[in-house]
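Colleague: pasting the structure only:
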């Protein structure tokens, strides 16, 4: 019996399942695959082939049966999809670590799906010169009993939560922060070759997956403060511990209330904002470019016919300050960097510690870009326009 395209797509529940989860299942079921071009993947990477999967826009467009697909294989695929991808979700908890310039203290929970807490007393302590102070994070997600599907769902939930938190909490970064010190060192008292040493935190019993969020127990409530988004780095440094924004829970709720395309746009802006943090110690120019890119993501969500620069300016006019006149300067420096006309002096010269007016000006520009990208994204999330204009900007939910 010949299996048709419509039949195999129906049996694999193409319209119901997550396409990334389905592709993972196919890879494990057939043991191999081959990418033919920028749109087509075949399973397996052998003759005879069983399935040809065509993509469009990153999603599976259609699944075409091939000569190697028999009814037994189709039945097994259908069974696995039903048991692994369509089974009722299982509530689980994903755990990960973010890092702050200040020690984390206390416990903060948002509903029954997110917890931020300090490390246990027995955990390794950050060295005085380090900016890596761990914050333990736990997020509840709709997981699965099957390991591979659950891992995919956990990774996605953790990644999205990392991006969200590192934008909403000033100073927070993930473990790829370059301030995680790495160096080639010679082991003391030996003639061995050098080895790579990195400061990491190995916290006992902090597994990547769990069943329940940690309870507060005897931990104090984590400190919070208003208007952290407007604070300068040196103002944040006055706090002795990590301080969370008072509005953190409300902003998380606003994010989850967005429709899917708007959530994707906000996460993309968060990605570039966080990349700027990671790049800061390696290249001020690349970090600055990423900050402006973060603004451009959300500016592009409300396109205008006047080009990218005017679109960028319109976004800042709407979501920063209606009378702010720094958009041209912000965008102009970005364009000169992107098109190879300039580098910030910190990337072009070994500045050391001597003062230089241009370097000081560029650091101030970078600081302004960081503040503008964060404030613009948060005001966009909250639907707070600072100038009159098209009300459709505020109807994203």
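Modeller: Everything's here; your move. None of the values given here were measured: they were computed from a predicted structure.
Colleague: mind checking the longest helix of this structure?
Modeller: helix 357-382 (DSSP state H).
Colleague: now do it, average pLDDT.
Modeller: What helix 357-382 shows for mean pLDDT is 89.
Colleague: then stretch 214-234?
Modeller: On average, stretch 214-234 scores 85.
Colleague: what's that stretch in contact with?
Modeller: In this structure, residues lying in contact with stretch 214-234 by C-beta atoms under 8 Å, 6 or more residues apart in numbering are 104-109, 115-118, 136, 138, 169-171, 236, 239, 241-248, 367, 371, 374-375, 378. Bear in mind the C-beta positions are built from the backbone N, C-alpha and C, glycine included.
Colleague: which among the residues you listed count as buried?
Modeller: 104-109, 115-118, 136, 138, 169-171, 236, 242-245, 247-248, 371, 374-375, 378 (16 or more other C-beta atoms under 10 Å).
Colleague: helices - which of those land there?
Modeller: Per DSSP H, the buried ones among the contacts of stretch 214-234 map to helices at 236, 248, 371, 374, 375, 378.
Colleague: nearest to residue 71, out of the residues you listed: which one, please.
Modeller: Among those, residue 248 lies closest to residue 71 (C-beta to C-beta), at 53.5 Å.
Colleague: so what's the nearest residue to the closest one once chain neighbours are set aside scoring on pLDDT?
Modeller: Spatial nearest neighbour of residue 248, excluding adjacent residues (C-beta to C-beta, 6 or more residues apart in numbering): residue 168 at 5.8 Å. The model reports residue 168 with a pLDDT of 95.
Colleague: tell me the contacts of residue 168?
Modeller: Residue 168 touches 245, 248, 251, 252, 378, counting by C-beta under 8 Å, 6+ apart.
Colleague: can we see that at 10 Å?
Modeller: For residue 168, the contact set (C-beta atoms under 10 Å, 6 or more residues apart in numbering) comprises 228-229, 244-245, 247-249, 251-252, 255, 270, 374, 377-378, 381.
Colleague: excluding its backbone neighbours, what's nearest the residue most central in space within the chain?
Modeller: The centroid of the chain falls nearest to residue 163 when counting by C-alpha atoms, centre = their mean (3.2 Å). Distance criterion C-beta to C-beta, 6+ apart; nearest residue to residue 163, sequence neighbours excluded, is residue 270 at 4.0 Å.
Colleague: please enumerate the helices of the chain.
Modeller: So, for the chain - with DSSP H - the helices run 5-11, 19-30, 71-80, 147-168, 233-236, 248-257, 260-279, 284-299, 308-319, 327-338, 345-348, 357-382.
Colleague: for residue 207, find the nearest of those.
Modeller: helix 147-168 (11.3 Å).
Colleague: between that closest one and helix 260-279, how many degrees?
Modeller: Relative orientation of helix 147-168 versus helix 260-279 (axes from the mean of the first three to the mean of the last three C-alpha atoms, to 10 degrees): 70 degrees.
Colleague: in helix 147-168, which residues are buried?
Modeller: Neighbour count says helix 147-168 has 149-154, 157-158, 160-168 buried, by 16+ other C-beta under 10 Å.
Colleague: that one vs helix 248-257, what angle?
Modeller: Angle between the axes of helix 147-168 and helix 248-257 is 130 degrees (criterion: the same axes, to 10 degrees).
Colleague: okay, angle between helix 147-168 and helix 284-299 too, please.
Modeller: If you take the same axes, to 10 degrees, helix 147-168 sits at 100 degrees to helix 284-299.
Colleague: quick one: helix 147-168 to chain centroid distance?
Modeller: In terms of C-alpha atoms, centre = their mean, to the nearest Å, the centre of helix 147-168 is found 8 Å from the chain centre.
Colleague: could you do stretch 113-128 as well?
Modeller: 21 Å.
Colleague: quick one: mean pLDDT over stretch 18-32.
Modeller: Averaged across stretch 18-32, pLDDT comes to 94.
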